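Peer 1: just to be clear, the model below is a prediction. Sequence and coordinates:
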Amino acid sequence: MSGTTQPATLYPVPAEFASQARIGSRAAYDELVASAQADYPGYWAKHARDLLTWHKPFTKSLDESQAPFFKWFEDGELNASYNCLDRHVEAGLGDKVAIIFESDDGIVTKVTYKELLGRVSRLANALKTQGVQKGDRVVLYLPMSVDGVIAMQACARIGATHSVVFGGFSAQSLRDRIEDAGAVLVITADEQKRGGKNLPLKAIVDEAIALGGCDSVKQVLVVRRTGGSIPFVEGRDAWLEDVCAKESDVCAPEWVSAEHPLFLLYTSGSTGKPKGVQHSTGGYLLHATLTTQWTFDLRPDDVFWCTADIGWVTGHTYVTYGPLSCGGTQVVFEGVPTYPDAARFWRMIEAHKVSIFYTAPTAIRALIKAAETNADVHPRQFNLTSLRLLGTVGEPINPAAWEWYHREIGAGKCPIVDTFWQTETGGHMITPLPGAHALTPGSCTLPFPGIDAAVVDETGKEVPWGQGGVLVVRKPWPSMIRTIWNDPERFKKSYYPADYNGKYYLAGDGAIRDAETGYFTITGRIDDVLNVSGHRMGTMEIESALVSHPLVAEAAVVGRPDDLTGEAICAFVVLKRSRPTGDEAKQLATVLRNHVGTEIGPIAKPKDIRFGDNLPKTRSGKIMRRLLRVIAKGDAVTQDTSTLENPAILDQLAQSN
Ligand code: WTA
């Protein structure tokens, strides 16, 4: 691959960046790739020894004996919280700022490593006092906050497995996750503040538990955020600050096996309910640390800012674990990019002298739009010269947005790392290393050293560069998903299906490699998973939510391209009564949209709802989603529809917008 001539559209690595980067050339990258190829388990073992502090060293790197349930560093013992906190304090970095927190209303608080360790230890002791034991699951339903990071770290400290539920999910979704995880304790806050509004959290926890099936929950600890008055259930609920006040700020870490489950994180698949992706402690923390060092090139004097919420995997790996494991300083932000105005990000970068900025393409697109219509929120009004590196995650970035990000935010000098990965992969899989890879807008370039990604056909055979196919990972890697909680069979079926060779991890995305450079471009999901504003959603989940409404007979959900959110949710609905039109259709669409909001959460509300007398089906009764996608996009159906039971329905649906 190296030595090939690169097309002119590539942005070369800025010499100044390369000269001081950890991985400072394409040759250095190629060497790492070669060393991983030469001794795969040895390559990862070396980094695991170099980057993590082990209580008991491991003797074996990779165990494939129960494939695809792979194990890494299994007889080694460590603690994630020790690696993120104690070891930096012990190295004399106790007074270094770990977190610069900015609240929704602009109040800034700084927390040092020593303070963070003390607060994590207090909560860890409190959890123990409440009876939480190693291996127990703790659900966190919290705002983006220092408390959120502390709660995750406190669980890790005592070997409890955390499962964070994004604060935008509904009571029903929260209930499902609490029940599936069998959580013994829930940590929440009275309310959260976002975009100037106070939104309930504790009340939703109460509602979730009242829905039933949550008998495992013995305690609810509540962070006081807004001071709003909220009812407490006697004997079950307590203020977190009250229980912590009684505890010591010293807590010995619980040493756990590298394979001990650090967390579960629920994510959407193409079928059924969201699945609890189970991650390990050692392998996961290794990749969180290594990618923070190589992809983000994090230095002791950097100010890192990942804007993701801790409710998503990006907030796990690149807020709670990666930057702290590396002893870095990071910004944690409670609010939203558009409050009080769409310059919030740029103002914060200037104020906190952020040097590495990592966000989602959706946010960039929204801020471009705002800057185009209002000069006051244009980034050129702000001093962004502290920036040296930019990143994106969660969805494909369109080249126009990439160019704007590069030019307006990065002043044409900051590399952009377009990082492709998934909840299941734990950390970056395909991404530029900023000192090594020339960049092409819209391409995540090449696999992280040690990751054996390939584009294959249905038989698992690699396709030539320039030809599209399915993205797989051919070798297990340390931070990969270990299983689906409570459902190992579904794990095998979802990620190691018999097609595509059965031995490869199936990512669920399509990809194509550039014919000249071999650079990867992700072409989108190949299953029924939508990506709306970088949030993953299963079409089946939304369909189930729709048909749970008493008026709905049938529903089919597809995605359609959207300039701002990447994809938009489009639902085709058949009611149990006659098809509504005009104002009535509008009203019913609002009712159904709100119903989906209650069932799943506001992020799952369909943008378009179209009513039909029926849905396009084959004679065997299968819904033709392919055709629905065409209609949702507003295109004319040119495909052959002769296999349809009811071709006339297409015209009706096309006109029902
Ligand atoms: C998509 C988020 C293109 C992809 C970390 C993947 C991307 C899904 C990129 C995982 C990217 C993520 N370019 N597509 N750089 N990053 N995706 O689990 O479809 O929330 O399968 O993890 O997002 O979403 P998840």
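Peer 2: Sure, I can see it.
Peer 1: pLDDT value on the closest residue to Lys369 other than its chain neighbours, please?
Peer 2: Distance criterion C-beta to C-beta, 6 or more residues apart in numbering; nearest residue to Lys369, sequence neighbours excluded, is Leu564 at 7.0 Å. Placement of C-beta: from N, CA and C, glycine included. Per-residue confidence (pLDDT) for Leu564: 93.
Peer 1: just Thr4 next, same as before
Peer 2: 45.
Peer 1: same thing with Lys56?
Peer 2: At Lys56, pLDDT is 98.
Peer 1: do Ala366 as well
Peer 2: In this prediction, Ala366 has a pLDDT value of 95.
Peer 1: can you give me the buried ones in the helix or strand containing it?
Peer 2: Using DSSP states H and E, Ala366 sits in helix 361-373. Neighbour-count burial for helix 361-373, counted by 16 or more other C-beta atoms under 10 Å, picks out Pro361, Thr362, Ala363, Ile364, Arg365, Ala366, Leu367, Ile368, Ala370, Ala371.
Peer 1: does the ligand sit close to stretch 477-488?
Peer 2: No: using C-beta under 6 Å from any ligand atom, stretch 477-488 never reaches the ligand; the gap is at least 10.3 Å.
Peer 1: residues from the chain in reach of the ligand?
Peer 2: Proximity of the chain to the ligand, by C-beta under 6 Å from any ligand atom, involves residues 267, 312-314, 393-396, 418-423, 444, 507-509, 522, 525, 531, 536.
Peer 1: tell me which of these fall in strands.
Peer 2: Counting by DSSP state E, the part of the residues of the chain next to the ligand found in strands is Thr267, Val393, Asp418, Thr419, Ala507, Gly508, Asp509, Ile522, Arg525, Asn531, Arg536.
Peer 1: how near is Leu264 to the ligand?
Peer 2: Applying C-beta to the nearest ligand atom, to the nearest Å, the value for Leu264 to the ligand is 14 Å.
Peer 1: quick one: mean pLDDT over the strand or helix carrying that residue.
Peer 2: For Leu264, the host element (DSSP H and E) is strand 263-267. Average pLDDT, strand 263-267: 98.
Peer 1: what's the first helix or strand after that strand?
Peer 2: Tracing the chain past strand 263-267, the next element assigned as helix or strand by DSSP H and E is strand 275-279.
Peer 1: how far does that next one sit from its chain's centre?
Peer 2: The chain centre lies 13 Å from the centre of strand 275-279; the measure is C-alpha atoms, centre = their mean, to the nearest Å.
Peer 1: any idea which helix or strand comes after it?
Peer 2: Per DSSP H and E, the first helix or strand lying C-terminal to strand 275-279 is helix 282-294.
Peer 1: the next helix or strand after that following helix pairs with which strands?
Peer 2: Of the helices and strands lying after helix 282-294 in sequence (DSSP H and E), the nearest is strand 303-306. Within its sheet, strand 303-306 is paired with strand 329-333 (parallel), strand 356-359 (parallel), according to DSSP bridges.
Peer 1: thought Asp147 was touching Leu221?
Peer 2: No: Asp147 is beyond contact range of Leu221, at 10.1 Å (criterion: C-beta atoms under 8 Å).
Peer 1: tell me how far Phe69 lies from the ligand.
Peer 2: 20 Å.
Peer 1: what's the neighbour count on the residue nearest to Leu116 when sequence neighbours are not counted?
Peer 2: The shortest distance from Leu116 to any non-neighbouring residue, by C-beta to C-beta, 6+ apart, is to Ala98 (5.0 Å). Ala98 has 26 neighbouring residues, counting by other C-beta atoms under 10 Å.
Peer 1: tell me the secondary structure for Ala98?
Peer 2: Taken by DSSP: H, G, I helix; E, B strand; the rest coil, the conformation at Ala98 corresponds to strand.
Peer 1: contacting residues for it?
Peer 2: Applying C-beta atoms under 8 Å, 6 or more residues apart in numbering to Ala98 gives the contacts Val111, Thr112, Tyr113, Glu115, Leu116, Leu324, Gly328, Thr329, Gln330.
Peer 1: just Pro476 next, same as before
Peer 2: Here Pro476 is in contact with Leu62, Glu64, Ala67, Pro68, Phe70, Trp72, Tyr505 (criterion: C-beta under 8 Å, 6+ apart).
Peer 1: beta partners for the last one?
Peer 2: Read it as Tyr505. Under the criterion used (DSSP bridges), Tyr505 bridges to Val473.
Peer 1: how far away is it from the ligand?
Peer 2: 12 Å.
Peer 1: pLDDT weak spots in the chain?
Peer 2: 1-8, 657 (pLDDT under 70).
Peer 1: give me that answer again for 90
Peer 2: Across the chain, the ranges flagged by pLDDT under 90 are 1-9, 228-229, 269-273, 458, 498-502, 534, 618-622, 637-648, 654-657.
Peer 1: what residue lies at the spatial centre of it?
Peer 2: The structure's the chain has its C-alpha centroid closest to Val313; by C-alpha atoms, centre = their mean the separation is 3.4 Å.
Peer 1: now do the same contact list for that one.
Peer 2: Counting by C-beta under 8 Å, 6+ apart, Val313 touches Leu265, Thr267, Val277, Trp421, Gln422, Thr423, Gly426.
Peer 1: how close does Cys326 sit to Asp75?
Peer 2: 25 Å (C-beta to C-beta, to the nearest Å).
Peer 1: can you pull the contacts of the closest residue to the ligand within the stretch 451-600 of the chain?
Peer 2: Closest approach between the stretch 451-600 of the chain and the ligand, counting by C-beta to the nearest ligand atom: Ile522, at 3.7 Å. Taking C-beta under 8 Å, 6+ apart, we find Ile522 in contact with Pro396, Phe420, Ile430, Cys444, Leu471, Asp509, Gly510, Ala511.
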